[in-house]
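Peer 1: Let's see this in three dimensions:
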Amino acid sequence: MSLSDPIGDMIARIKNAQSRSHKKVNLPSSNFKIKIADILKNEGFIKDFKVENINNKSTLFLELKYHSGNPVISAFERVSKPGRRIFSSANSLPKINNGLGIAIVSTPKGVMTDIDARKNRVGGEIICKVF
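Peer 2: The predicted structure is shown next:
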């Protein structure tokens, strides 16, 4: 099945799994999704992730994180969509909830958080916001 927005699909799967209080969610894997999962893990939004090959298809397993029964990720939304790409310079990257959340940015130096992009003074496409 061909998806026009695989990152949007990843976000929707995570939100749906959290609304049903699932501990894990699995989705088709790609290098871009793995980098996003790595950022979510490093920032403390998910417990862990792993990639497995099942029937010659790479699958990404995310272990979701909850705090006293509530999901750690309270808001997870796509900013740049296939129909409308949103780019930003290093100076004008948005601060998510006064620095409490993160924006995931795809830059020429790789996928990173908005904080790292400001430190490296590099702009790029704002993929999503997480809080």
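Peer 1: What pLDDT does the model give the most centrally placed residue in the chain?
Peer 2: With distances taken as CA atoms, centre = their mean, the residue of the chain nearest its centroid is Ile36 (4.3 Å). On pLDDT, Ile36 comes in at 98.
Peer 1: Can you classify it as helix, strand or coil?
Peer 2: What DSSP: H, G, I helix; E, B strand; the rest coil gives for Ile36 is helix.
Peer 1: So what pairs up with the residue lying closest to it once chain neighbours are set aside in the strands?
Peer 2: Nearest residue to Ile36 in three dimensions, chain neighbours excluded: Ile104, at 5.9 Å (CB to CB, 6 or more residues apart in numbering). Yep, even glycine has a C-beta here, placed from its N, CA and C like the rest. Taking DSSP bridges as the rule, Ile104 bridges to Thr113, Cys128.
Peer 1: any idea how far the residue nearest to the centre of the chain lies from Thr59?
Peer 2: 15 Å (CB to CB, to the nearest Å).
Peer 1: what residues does stretch 90-103 touch?
Peer 2: Residues from elsewhere that reach stretch 90-103, judged by CB atoms under 8 Å, 6 or more residues apart in numbering: 39, 43, 75, 79, 88, 105, 113-115, 117-118, 120-123, 126-131.
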